[in-house]
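[1] Need the 3D shape of this:
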Amino acid sequence: MSGEELEKLREELKSVSVEVVRLLARRADLARRVGELKKQLGIEIVQSSAERELRQAMIEKARANNLSETLVNKIATLMFNESVKVQEHRKGRQITHFDIFRRAKELERQGKRVIRLEVGEPDLGAPQQVAEAAIQAIREGYARYSDAKGLPQLRKKISEYLETRFGAEVNPENIVVSPGGRFAVYLAMKSVASLGDEIIIIDPSWPMYSQCAEFIGARPVRVKTRLEDAWTPRPEEVEEKITPATRAIVLNYPNNPTGRVISREAFQKLVDVAREHGIYVISDEVYADYSFNGEHVSILQQERDVKYVLISSFSKSWGMTGYRMGFAVSDGEVVARMAQVMSLIITCVPEFVQLAGMKALELTDEARRYAEIMRRRMETAVRELEKLPASYHKPEGGMYVFPRFNIEGLDTTEFAMSLLESKNVGLAPGTAFGDYSQYVRISLGASEEDIAEGIRRVKEYLEERGLT
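    This next block holds a predicted model:
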């Protein structure tokens, strides 16, 4: 091949590449016009059937031209994601629970006492024995690098805990210790999905799931559940969302923000859908010990032919929020990728924190005591909510209540900020957890007294504005 021919091919390649950009711009314009028509017709932006038909057409074209189906699947996902963005109709920046959190902090710095019901952090703190274990470990020099997967003795202790807790045998080599459950979610998604893949998320959901999926270049695909169905997802609706690009489904029970604990049968049906399609179940069980009715079922109790990543944390069961320690359990291949990310980004969780975690695992009575405190706080919250024009599903677990205000035209994003400014009460607007503009999340991280007082102030706020 001559140099002249090489340059000719390069020019042709350049021309084709530029044409691709022109076609993408044309596609974005068409998507925008489609979005305008959807708005006029009152149609939801995401249309799974239309996406499925288009994806299949692209795959068939890929086959006809001997192109990688995996590549075309990823391109399809990226295009669908971009279409949704151009079709969304938002007026300015939306208020989020982080805005409420930041403003509450500002008010506190001004000397005002704010009742903090927006933050998902229990006020219980770690048991004294855990703090003492951390201090002792530091004094003894346990502040060096360790295995990226975590100290072997801690992973062994976690495996023993899981066997006692769920009756499941877990090899310590299938455990990765992470800096909190949040980072474990990132590790899970980063290890099972990549750019152009899809991850199914059941709404209402912790915002971290969709944010993390987008951060790694994947597309969060939402399945909406309803209060009228007791926040129970329908397996057929989940299955409808699965495409060749789907890599995982996130299950979170007890749920943040609803407090829902689904039955063993309902959980099994969702796992069966994942198994049949060969996708991972990312089971976030951070609130497992905050299960008030004893119904919690773990992914570890399912048949082992399902692909899964279990997420857990020390932040809730033992109040170790600032210690930043959680863990994940999965198959050898996924664990190896997780350990690689851990080693690359943070090296390891501090040794003294891991040793404090070992002490926590011995304090099962403390975990039960903390769960009982949360149950009493939940009872206080729902008792006060009965006095409001609100509907809710009484939580079976977790540390939140997710009521809907039955007030026509109420948008809880604006309501939450106004309430904070006028009554010094922080609530998380429902829009942070999906398309739930009439809902708020009430955290049980505060004392019973503060929870009761905070909800009473909500009642005062509504009465003063003639909304009750």
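
[2] Let's see the pLDDT reported for Gln94.
    Note on Gln94: pLDDT of 64.

[3] and Arg304, how many residues sit next to it?
    10 (other C-beta atoms under 10 Å). C-beta: built from backbone N, CA, C; applies to glycine.

[4] I'd guess it is in a strand, am I close?
    No - with DSSP: H, G, I helix; E, B strand; the rest coil as the criterion, Arg304 is assigned coil and is not in a strand.

[5] residues contacting Ser238?
    One thing to correct before we go on: residue 238 is Val, not Ser. Going by C-beta atoms under 8 Å, 6 or more residues apart in numbering, Val238 touches Ile200, Ile202, Val223, Ile249, Leu270, Val273.

[6] can you pick the most crowded of the residues you listed?
    Going by other C-beta under 10 Å, Ile200 tops the contacts of Val238 with 29 neighbours.

[7] On the three-state scheme, that residue is what?
    Put simply, Ile200 is strand when judged by three-state DSSP.

[8] In space, what's closest to it - neighbours in sequence excluded?
    Leaving out its chain neighbours, the residue that sits closest to Ile200 by C-beta to C-beta, 6 or more residues apart in numbering is Ile249, at 4.1 Å.

[9] circling back to that earlier point, is it possible to export the contacts of Val238 to TSV including pLDDT and distance to Glu214?
    As requested, those are exported to TSV (pLDDT from 0 to 100; distance: C-beta to C-beta, whole Å):
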residue	pLDDT	distance to Glu214
Ile200	98	14
Ile202	98	17
Val223	97	17
Ile249	98	16
Leu270	97	23
Val273	97	23
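
[10] and the residue nearest to Ile200, what does it touch?
    Ile199, Ile200, Ile201, Ile202, Val238, Leu270, Val273, Ala274, Ile279, Tyr280, Val281, Ile282.

[11] Can you tell me which of the contacts of Val238 is nearest Ser443?
    Ile202 (20.3 Å; C-beta to C-beta).

[12] Quick check: the gap between the closest one and Met374.
    Distance, Ile202 to Met374, using C-beta to C-beta, to the nearest Å: 22 Å.

[13] Longest helix in the chain, please.
    helix 3-41 (DSSP state H).

[14] Save the contacts of Val238 as JSON lines, and put in distance to Leu388 too.
    Formatted as JSON lines, the contacts of Val238 follow (distance: C-beta to C-beta, whole Å):
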{"residue": "Ile200", "distance to Leu388": "33"}
{"residue": "Ile202", "distance to Leu388": "27"}
{"residue": "Val223", "distance to Leu388": "29"}
{"residue": "Ile249", "distance to Leu388": "34"}
{"residue": "Leu270", "distance to Leu388": "32"}
{"residue": "Val273", "distance to Leu388": "37"}
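
[15] which one of the residues you listed is nearest Glu12?
    Ile200 (40.6 Å).

[16] Check whether the closest one really touches Glu239, as I assumed.
    No - contact between Ile200 and Glu239 fails when scored by C-beta atoms under 8 Å: they sit 9.7 Å apart.

[17] ok, the nearest residue to Asn252 once chain neighbours are set aside to Ile373 distance?
    Nearest residue to Asn252, sequence neighbours excluded (C-beta to C-beta, 6+ apart): Asp284, at 4.3 Å. Asp284 sits 22 Å away from Ile373, going by C-beta to C-beta.

[18] neighbour-wise, which of these two wins?
    With neighbours defined as other C-beta under 10 Å, Asp284 and Ile373 compare such that Asp284 has more, 27 against 19.

[19] quick one: the strands in this structure?
    115-116, 175-178, 198-203, 219-224, 246-252, 280-284, 308-313, 326-330, 390-391, 400-401, 404-405, 425-426, 428-429, 440-443 (DSSP state E).

[20] Make CSV from those strands and add distance to Met378 to it.
    Output for these, formatted as CSV (distance: least, C-beta to C-beta, whole Å):
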stretch, distance to Met378
strand 115-116, 17
strand 175-178, 28
strand 198-203, 21
strand 219-224, 24
strand 246-252, 17
strand 280-284, 20
strand 308-313, 20
strand 326-330, 23
strand 390-391, 15
strand 400-401, 7
strand 404-405, 17
strand 425-426, 18
strand 428-429, 16
strand 440-443, 10
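
[21] which stretch among those strands comes nearest Gly150?
    So among those, strand 175-178 is nearest, using C-beta to C-beta, at 2.9 Å.

[22] so how far is the first residue of stretch 460-468 from its last?
    Start-to-end span of stretch 460-468 (C-alpha to C-alpha, to the nearest Å) is 9 Å.
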